[in-house]
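1. I would like the atomic coordinates for the input below:
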Amino acid sequence: MTHPVLGVDHTYLLVRDLEASAALYRRLGFTLSPRGLHSPEKGTANHTIVFRNDYLELLGVVRDTDGNRQQREQLREQGEGLQAIANRTRSADEAKGALAAVGLATGEVSAFSRPLPLPDGSDGLASFRTLSFDPAGVPLGHFFLCQHETPGMVWRPELQKHQNGAIALGEIIGIVSDPKATADVYARFYARGRVIPAEGGFRVDTGENSASLLFLDRKNAAALFPGQNLDLTPKGGYAAFRLVVGDIDTAKRTLTQGNVPFSVTERGSALVGPEFTSGAIIEYIGP
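-> Numbering: from 1, shown residues only. From the prediction side, this is the model:
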């Protein structure tokens, strides 16, 4: 098997209050999936925000269990916000051996599913197989592979239409002390990983129809996102993401209608601060 990591599948925000965060994202102009409840041992639930090829997930703890102790510690010690990147793979089981062959350590494959309410009132079942990279080799957050066994249950047409015109994750941004070294680490994780200098830091191209990763030091992050409180993003997680929208003016109107404060950058994009998004700076950019 060739290198099995094909790009970014989704990213998730770990949030303190799932329904409060869901209300924020509806104000931002997103269509959210019905709440999905994970297995009792996980004690978590989610809402997904689905785009053409990827998606954003809001993940919250709804019942304290041994299975979510680490997530509760993350919330307490690091704050809420972007804590994970899930990556595309065809087979989590085959990926484990293929990654070992290129010197990348992983844990064990895990399988889980969650019910998904459907528009006709029935329930479907979304099923996944996941494989996490060794945390010791990952500079930021939780980094893992996600194999969709039932992709049609996630990429449902009614969930891909958003008032703000969102169509894709554009970029996930992390603040680190050594952007070049960090980018080099992440590039190894992807079959088509490539590092290029960008915006005062270093960008990792991750594959076709896949969000890129951008790593900046704190000074350059502050310059890129003027006026934003970086301290409200999670320590040890990711600070921001860029969201591709079909029309930037539509996105701005939606923010205004939702009474969400935003600023306009010299680039013509719109910035929403982490105090209005459960811990992530969101930059709306054109296609």
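2. what about stretch 273-283, start to end distance?
-> Start-to-end span of stretch 273-283 (CA to CA, to the nearest Å) is 9 Å.
3. Mind listing what's buried along it?
-> 273-274, 276-283 (16 or more other CB atoms under 10 Å). C-beta here means a position set from N, CA and C on the backbone, and glycine is covered the same way.
4. try stretch 210-219
-> 210-216.
5. Could you give the separation of that stretch from the chain centroid?
-> 13 Å (CA atoms, centre = their mean, to the nearest Å).
6. mean confidence for that stretch?
-> For stretch 210-219, mean pLDDT is 98.
7. Just the CA atoms of it, as PDB, please.
-> What follows is stretch 210-219, C-alpha atoms only, in PDB (Å, rounded to 0.1, in the frame of the first residue of the first chain):
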ATOM      1  CA  SER A 210      -8.000  19.200   0.900                       C
ATOM      2  CA  ALA A 211      -7.500  22.100   3.400                       C
ATOM      3  CA  SER A 212      -3.900  23.200   3.800                       C
ATOM      4  CA  LEU A 213      -2.200  23.700   7.100                       C
ATOM      5  CA  LEU A 214      -0.500  27.000   8.000                       C
ATOM      6  CA  PHE A 215       2.000  27.300  10.900                       C
ATOM      7  CA  LEU A 216       3.000  30.800  12.200                       C
ATOM      8  CA  ASP A 217       4.800  32.100  15.200                       C
ATOM      9  CA  ARG A 218       2.700  34.300  17.500                       C
ATOM     10  CA  LYS A 219       4.000  37.600  16.100                       C
END
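8. Need the buried residues of stretch 273-283 in JSON lines (columns: distance to residue 220, pLDDT and secondary structure).
-> Converted to JSON lines, the buried residues of stretch 273-283 look like this (distance: CB to CB, whole Å; pLDDT from 0 to 100; DSSP: H, G, I helix; E, B strand; the rest coil):
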{"residue": "273", "distance to residue 220": "18", "pLDDT": "98", "secondary structure": "coil"}
{"residue": "274", "distance to residue 220": "18", "pLDDT": "98", "secondary structure": "helix"}
{"residue": "276", "distance to residue 220": "23", "pLDDT": "97", "secondary structure": "helix"}
{"residue": "277", "distance to residue 220": "21", "pLDDT": "98", "secondary structure": "coil"}
{"residue": "278", "distance to residue 220": "24", "pLDDT": "98", "secondary structure": "coil"}
{"residue": "279", "distance to residue 220": "20", "pLDDT": "98", "secondary structure": "coil"}
{"residue": "280", "distance to residue 220": "18", "pLDDT": "98", "secondary structure": "coil"}
{"residue": "281", "distance to residue 220": "14", "pLDDT": "98", "secondary structure": "strand"}
{"residue": "282", "distance to residue 220": "18", "pLDDT": "98", "secondary structure": "strand"}
{"residue": "283", "distance to residue 220": "14", "pLDDT": "98", "secondary structure": "strand"}
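9. Secondary structure element for residue 125, which one?
-> strand 123-132 (DSSP states H and E).
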